[in-house]
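Asks: Could you work out the structure for the sequence below:
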Amino acid sequence: MKKLTTLFAATALATLMAGSAWSKTFVYCSEGSPEGFDPGLYTAGTTFDAAAHTVYNRLLEFKKGTTEVEPGLAESWTISDDGLVYTFKLRPGVKFQTTEFFTPTRELTADDVVFSYERQLKADNPWNKYITGASWEYAAGMGFPEVIKSVEKVDDLTVKFTLTRKEAPFLANIAMPFASILSKEYADKLQADGKMEQMNQMPLGTGPFAFVAYQQDAVIRYKANPDYWGGKQKIDDLVFAITTDASVRFQKLQAGECHLMPYPNAADVEKMKADPNLKVMEQAGLNVAYLAYNTTQAPFDKPEVRKALNKAINKQAIVDAVFQGAAQPAVNPIPPTMWSYNDKLEDDTYEPEAAKKMLEDAGVKDLSMKLWAMPVSRPYMLNARRAAELMQSDFAKVGVKVEIVSYEWAEYLDKSKAKDRDGAVILGWTGDNGDPDNFLDTLLGCNAVGGNNRAQWCNQEFDTLVKKAKETSDIAERTKLYEEAQAVFKREAPWATIDHSLSVVPMRKNVEGFVQSPLGDFAFDGVDITE
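Replies: Numbering: from 1, shown residues only. Coordinates of the predicted model:
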């Protein structure tokens, strides 16, 4: 029975890839299931790939392969002299997708932009809590409810944002996946029908691919949007074949059952490069992996305890075992390729005996803790379970007993946000806009406590520095402030910084047009398959 099922699955997938004489199907072996299909609700790259980069667009987009913003749904914009008012002219003639579940009757207008933002900004908006637990984690973590005073329709193709203060990274921020533009007409219909939760299950946008169907933890199907303002895609059908095991993803890639895969095992990369049917793209990742202590819980509320634990971790051993050299130990919370990186800071050296004494001096004895390990591969951490096992061994050497725990990915992300979460959690980040603010404030700011700030760390000195940096457009001044903030971070140690990794993307030789993103995105507009 197992062989028959496997044969059937392989035959079905091969049929999908072959398509017909009139269609072209691209299969992406994705690493995990999306948490949902409303990008505003989430922060995970897996979810953004499945929703934001397929179904939706934003006012501004990142130019392929860069962190440079360019026109998206807004074809132009102006900024007031005081830096507080941003006025966007929308691209005329942009159509929303027609699907089996909704047929739009109008094109994109300012009403859709106002709706898409106000649902995230206003607690009294009927869409603010349309699903249980909705927290708009990204918008909240970046302080959007405090920064954006109003979003107003000037006319059908003009929308005005008024800010409460200057915000240097604002244009880059609104090009990020969470700021995707949804259809107000579709939302109004769902609300009238009492089916608001379908917005997170059956998405509809202006993007290059229209959603067709999702089979939980198995497959997502899309079709090319024939009315896409950027032109119909060369591939007719896009399939996300959800494959959580990196080794199985590689097997499928070798067998021709998928065209491209993310996050290969480090041990497989040389084999991929040697395979004549494959090609491999590589670039330095704009990322960091970390171990976040819950700084509100004893004894992790003491910086000296956190520093001691950091000295107990052999980061080079983790890099060697998990990445086989395709990464480097991390010193700071931002990668060395990012402007404002403070290269004057020294890392916590690996010294088990010193770490043991520091714990004793802090009055910590017989410490038992939970160490959370991610269940999926991410660019910054290919194998969190292996990394956790190495840290478990390291901590045992200094008298700390570790229990490794994990959950399904969506549950892991949700539970790890809890302010009373126990122990320390392995997570990481790939920059979403190329600005240091996207790491320092988004992951460590006071606004992000209970959300992206998994360390629950609110340090006023640090917070003041990063907030001040956002309010000036002077790059030299911003750099100075961010360097000072990194020094505070290193002194207080809310995380153990683990690594910055190389981003590796293997694909079939006949894939053309895929552009590797410094932001870690997997987007398939512009991609083609040759014979």
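
Asks: for the protein, longest strand please?
Replies: The longest strand of the chain (DSSP state E) is strand 495-508.

Asks: immediately after that one, which helix or strand?
Replies: On the C-terminal side of strand 495-508, the closest following helix or strand by DSSP states H and E is strand 511-512.

Asks: roughly how far is the very next helix or strand once past that following strand from the heart of the chain?
Replies: Going down the chain from strand 511-512, the next helix or strand is strand 528-529, by DSSP H and E. Strand 528-529 has its C-alpha centroid displaced from the chain centroid by 26 Å (C-alpha atoms, centre = their mean, to the nearest Å).

Asks: can you tell me the helix or strand for Lys480?
Replies: Lys480 belongs to helix 475-492, assigned by DSSP H and E.

Asks: Put the alpha carbons of that helix into PDB.
Replies: Extracted in PDB, the C-alpha atoms of helix 475-492 (Å, rounded to 0.1, in the frame of the first residue of the first chain):
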ATOM      1  CA  ILE A 475      22.900  58.500   7.500                       C
ATOM      2  CA  ALA A 476      26.000  59.400   9.500                       C
ATOM      3  CA  GLU A 477      23.900  60.300  12.600                       C
ATOM      4  CA  ARG A 478      21.800  57.200  12.200                       C
ATOM      5  CA  THR A 479      24.900  55.100  11.900                       C
ATOM      6  CA  LYS A 480      26.300  56.500  15.100                       C
ATOM      7  CA  LEU A 481      23.100  55.900  17.000                       C
ATOM      8  CA  TYR A 482      22.800  52.300  15.800                       C
ATOM      9  CA  GLU A 483      26.400  51.600  16.700                       C
ATOM     10  CA  GLU A 484      25.700  52.800  20.200                       C
ATOM     11  CA  ALA A 485      22.500  50.700  20.400                       C
ATOM     12  CA  GLN A 486      24.500  47.600  19.400                       C
ATOM     13  CA  ALA A 487      27.000  48.300  22.200                       C
ATOM     14  CA  VAL A 488      24.100  48.400  24.700                       C
ATOM     15  CA  PHE A 489      22.700  45.200  23.300                       C
ATOM     16  CA  LYS A 490      26.100  43.400  23.700                       C
ATOM     17  CA  ARG A 491      26.500  44.700  27.200                       C
ATOM     18  CA  GLU A 492      23.000  43.500  28.300                       C
END
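
Asks: Dump the longest strand of the chain to CSV, restricted to CA.
Replies: The C-alpha trace of strand 495-508 is given here as CSV (Å, rounded to 0.1, in the frame of the first residue of the first chain):
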residue,chain,number,x,y,z
TRP,A,495,20.2,37.1,23.1
ALA,A,496,23.1,34.8,22.4
THR,A,497,23.8,35.7,18.8
ILE,A,498,24.5,32.5,16.9
ASP,A,499,25.3,32.9,13.3
HIS,A,500,25.0,34.8,10.0
SER,A,501,24.6,32.3,7.1
LEU,A,502,25.2,32.1,3.4
SER,A,503,22.0,31.9,1.4
VAL,A,504,22.0,28.9,-1.0
VAL,A,505,19.2,28.3,-3.6
PRO,A,506,19.4,25.1,-5.8
MET,A,507,17.2,24.7,-8.8
ARG,A,508,16.8,22.7,-12.0
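
Asks: Give me the angle between it and helix 475-492.
Replies: 120 degrees (axes from the mean of the first three to the mean of the last three C-alpha atoms, to 10 degrees).

Asks: Following the chain onward from the least confident helix or strand in the chain by mean pLDDT, which element is next?
Replies: In the chain, no helix or strand scores lower on mean pLDDT, DSSP states H and E than helix 2-18, which sits at a mean of 40. On the C-terminal side of helix 2-18, the closest following helix or strand by DSSP H and E is strand 25-28.

Asks: what element comes up after that following strand heading to the C-terminus?
Replies: Past strand 25-28, the next helix or strand by DSSP H and E is helix 45-50.

Asks: ok, residues contacting that next one?
Replies: 30-37, 39, 42, 177, 220, 240, 376, 378, 409, 430, 520-523 (C-beta atoms under 8 Å, 6 or more residues apart in numbering). Where you see a C-beta, it was placed from the backbone N, CA and C, and this is true even at glycine.

Asks: let's see 7 Å
Replies: 30-32, 34-37, 39, 177, 220, 240, 430, 520-522 (C-beta atoms under 7 Å, 6 or more residues apart in numbering).

Asks: Can you give the distance of that helix from its chain's centre?
Replies: Distance, stretch centre to chain centre, for helix 45-50: 7 Å (C-alpha atoms, centre = their mean).

Asks: Neighbouring strands - and their directions - for whichever helix or strand comes after it?
Replies: Sequence-wise, the next helix or strand downstream of helix 45-50 (DSSP H and E) is strand 60-62. Paired strands of strand 60-62, with direction, are strand 69-71 (antiparallel) (DSSP bridges).

Asks: Show the contacting residues for Val449.
Replies: 456, 458.

Asks: helices and strands around the helix holding Lys480, which ones?
Replies: Applying 3 or more C-beta pairs under 7 Å, 6 or more residues apart in numbering; DSSP states H and E, we find helix 475-492 packed against helix 437-444, helix 460-470.
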